[in-house]
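**Q** Prediction below, plus the sequence it came from.
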Amino acid sequence: LRCLAYDGMLVRASARLPRLGVVLPARSLKSISAESAAHIEKASTVAPAWKAILERVAADAEGPAAERPSADQWVKTKATVRYTILERGEHKRCFAVGKRKSSVAQVTLEVVRDGQQPLVEVNGKLHLDYFPWPHTATVVSPFLLTQTSGKYSVRAIVNGGGLSGQAQAVRHGVATALQGLQPELRGALKRADMLTRDPRVVEPKKPGKVKSRKSPQWVKR
């Protein structure tokens, strides 16, 4: 007997089905989906149980209906270590992560559609309301450098650190996402050191020291 597994159940079939007039090889159901679709067309008096099994195999060959993307769903078209690009029709968006000190920013950059107003939001607020000057200029500096102001909307969720670290983390994420949507801008962003994760952090205090390296005043007696 040939053994075929489907949904955790073991279906046993003879090596040759007299009514079907064909041989079913011992392979997984998904691998014989093309053959099973042809069998359904050829068989006129196939047992109902076998016909239902073969129809389910043919449907699984195209993938479950839940996994098939619809016109209203965002489809992942490119994914790298630094960014992920999603598309829905003619619309594009890019997701990237920016870091600075102890701040981490999750940035989504989306192409502005016709009739929409470009927005830069940080934690649900406009960047002008969230950051004081000059951190507001830090957030949008990649757009000013590449002359792409007004072409993209930014939504960022940033955690950790202070305002300075958060602003630079958002800038890092915006520059990385901008590189994903427009690879030709990588050179200008790279020369401005906007794509490089700045590793500088405050050096921790040491035991017996006032700060990381400053020693207390020496007293002879």
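**A** In hand now; what should we look at? Numbers count the residues shown, from 1 in each chain.
**Q** where does Met9 land on pLDDT?
**A** Looking at Met9, its pLDDT reads 37.
**Q** can you check Val23 too?
**A** So, for Val23, pLDDT stands at 44.
**Q** for Arg88, same thing?
**A** Looking at Arg88, its pLDDT reads 83.
**Q** excluding its backbone neighbours, what's nearest it?
**A** Nearest residue to Arg88 in three dimensions, chain neighbours excluded: Trp74, at 4.8 Å (Cβ to Cβ, 6 or more residues apart in numbering). Quick note: C-beta positions are derived from backbone N, CA and C, even for glycine.
**Q** And Leu185, by the same measure?
**A** Here the residue nearest Leu185, using Cβ to Cβ, 6+ apart, is Thr146, at 4.8 Å.
**Q** tell me the contacts of the one you found?
**A** 178, 182, 185, 188-189 (Cβ atoms under 8 Å, 6 or more residues apart in numbering).
**Q** Show me where this structure has its helices.
**A** Ranges of helices within the chain are 33-42, 48-61, 127-130, 135-146, 163-181, 186-191, based on DSSP state H.
**Q** looking at the ones you listed, which one has the lowest mean pLDDT?
**A** Minimum mean pLDDT among the helices of the chain: helix 33-42, a mean of 56.
**Q** Which one of the contacts of Thr146 sits in the busiest neighbourhood?
**A** Leu178 (29 neighbours; other Cβ atoms under 10 Å).
**Q** what comes into contact with stretch 102-118?
**A** Outside stretch 102-118, the residues touching it (Cβ under 8 Å, 6+ apart) are 91-99, 149-162, 165-166, 168-170, 172-174, 176-178, 180-181, 201.
**Q** circling back to that earlier point, so can I have CSV of the contacts of Thr146 showing distance to Val81?
**A** CSV is the format used below for those (distance: Cβ to Cβ, whole Å):
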residue, distance to Val81
Leu178, 16
Gln182, 18
Leu185, 19
Ala188, 21
Leu189, 17
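**Q** out of these, who's nearest Gly208?
**A** Closest approach between these and Gly208, by Cβ to Cβ: Leu189, at 43.7 Å.
**Q** before we move on, the earlier item: give the contact list for the residue nearest to Arg88.
**A** Trp74 neighbours (Cβ under 8 Å, 6+ apart): 86-88, 93.
**Q** swap the cut-off to 10 Å and go again
**A** 85-89, 91-93 (Cβ atoms under 10 Å, 6 or more residues apart in numbering).
**Q** One more: Gly162?
**A** Gly162 touches 101-103, 135, counting by Cβ under 10 Å, 6+ apart.
**Q** where's it relative to Arg113, distance?
**A** 34 Å (Cβ to Cβ, to the nearest Å).
**Q** Now the two most distant members of the contacts of Trp74.
**A** Ile85 and Gly89 (13.9 Å).
**Q** Which residue of the two possesses the greater neighbour count?
**A** Applying other Cβ under 10 Å to Ile85 and Gly89 shows that Ile85 carries more neighbours, namely 20 against 9.
**Q** Thr77 is in contact with the more buried one, correct?
**A** Yes. Using Cβ atoms under 10 Å, Ile85 is in contact with Thr77, at 5.3 Å.
**Q** so what's in contact with these two at the same time?
**A** Counting by Cβ under 10 Å, 6+ apart, the residues touching both Ile85 and Thr77 are Lys92.
**Q** All good on my end, thank you.
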